[in-house]
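A.B. asks: I would like the atomic coordinates for the input below:
(one chain, ligands or ions: 1)
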Amino acid sequence: MRFNLKDILNTELYPLHEPEGPAYEELVKHSRNLFLAEGSVTLQDFLRPEAVTAAVANIDVNMTNAWNTDGEHNIFLDTGDPEYLENHIRNQRFHTKVSSLAYDMLDPEGPLSTLYRDDNFREFLRLVLGVDKLFRLEDPLGALSVNIFQPGDRHSWHFDQSSHSVTIMLQKPDAGGHFRKTGQIRRTRHDKSEELFSVLNEVIQNENEQDMEKNKEHEETNSKSVKTLKFDPGTLSIFSGSTSLHKVTCVHGTRSRQVAVLCYATRQGKKNSPEVQKLFWGRVK
Ligand SMILES: [Fe+2]
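C.D. replies: Residues are numbered from 1 along each chain as shown. Here you go, the predicted structure:
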C-alpha cells in the first residue's frame, strides 16, 4: 500500500496538510512555545494507528538486519578528557545496548519513509525548532532509522551531539523502556563546565531506577528533577537532547521497544561520518 500524508497523520488534530489554515498557525504557536519553555514537545496520536501498525510490521520482518551496539560511553558521547580522573562524571562510563535498523532497510513507500520525505512535515518541524533552514540528512543509513530495544537493552545517560532530535514511538515494551529526562540543565550544547558536572552528579545520585514509580507521583518542577516522558505509540517527540540529560531504562518482558529517529540538519548535504555509520549500522555507505 502507498501512503500519503493524510493516511499517515492524524490530520484532524494535526493539519500539517493545510498550512494556510488557522488551526495550523495555532498548532505551530503552541508547539513552539512548549519547545522554548521546556526543551521538548510531545504530540500524542500524531500518527494514525494504521500507519503505526504498518511501520511495526515492516520493522518486524526486517529485525535480523538491525545492527546491535553493545558498549560503554560517557555522558558527552566523546573520548573523554584526560584532565579528569576516570571515575569523574566527565569521564564516567555507562553501558548501552540497542539495535538500529538503517534507512535503506525500511520500506521506501512505507509510512515512515513517506513522512520523512514530506516537505509539509519538514516545514512544521522547522517552525517549531525556530531555525532558518532545515534539511533532511543525505545519509543513506542514518537519515531515518529505527532504534530497537530488545528485552535487557537500555540506553544510559547522555547528551545528544545533535542539537535536537525528532522521534516517533512505534511500539512500547511490556515493561520498562521509560524515557527519563531532566529539564534543560545545560546552557549550551558545548558546556562542559564545573557547574554542569556538579548538577550531573546530583541528578545521577538522585535517580534510582528502583524508586522510579514512586518518584513519578511526587515530581518536583525544577530543571534537575528527572521526569518520565509520556511516550505512547504514535506520539511525535521534538526534543532538545543536547541540553537535557536523558536515558532509556532497561526493557523488560518479551516485546521490543521501537522508536523511529528522523534526522535533520540546518546545513544542506550533511551526512554521518564513516565512524558513526560503522558504530550504529555496522557498515559504511
Ligand atoms: Fe539521545
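
A.B. asks: drop to CA atoms for contacts and neighbour counts, all remaining ones
C.D. replies: OK.

A.B. asks: to the chain's geometric centre, what's the distance from stretch 192-210?
C.D. replies: When distances are taken as Cα atoms, centre = their mean, to the nearest Å, stretch 192-210 is centred 21 Å away from the chain's centroid.

A.B. asks: ditto for stretch 236-246
C.D. replies: Taking mean C-alpha positions (Cα atoms, centre = their mean), stretch 236-246 and its chain are 7 Å apart.

A.B. asks: buried set for it?
C.D. replies: Within stretch 236-246, the residues that qualify as buried by neighbour count (16 or more other Cα atoms under 10 Å) are L236, S237, I238, F239, S240, G241, S242, T243, S244, L245, H246.

A.B. asks: now the residues you listed as CSV including distance to L200?
C.D. replies: Output for the buried residues of stretch 236-246, formatted as CSV (distance: Cα to Cα, whole Å):
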residue, distance to L200
L236, 27
S237, 23
I238, 23
F239, 19
S240, 17
G241, 15
S242, 14
T243, 12
S244, 11
L245, 8
H246, 11
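
A.B. asks: now those residues in TSV, with distance to T11, pLDDT and secondary structure?
C.D. replies: Written out in TSV, the entries for those read as follows (distance: Cα to Cα, whole Å; pLDDT from 0 to 100; DSSP: H, G, I helix; E, B strand; the rest coil):
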residue	distance to T11	pLDDT	secondary structure
L236	13	98	strand
S237	17	97	strand
I238	18	96	strand
F239	22	93	strand
S240	25	91	coil
G241	27	90	coil
S242	30	90	coil
T243	31	92	coil
S244	30	94	strand
L245	32	95	strand
H246	30	94	strand
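
A.B. asks: Could you single out the nearest of those to D60?
C.D. replies: The closest of the buried residues of stretch 236-246 to D60 turns out to be L236 (Cα to Cα; 20.5 Å).

A.B. asks: which intervals of this structure have sub-threshold pLDDT?
C.D. replies: Applying pLDDT under 70 to the predicted model, the residue ranges of the chain that meet it are 1, 208-222.
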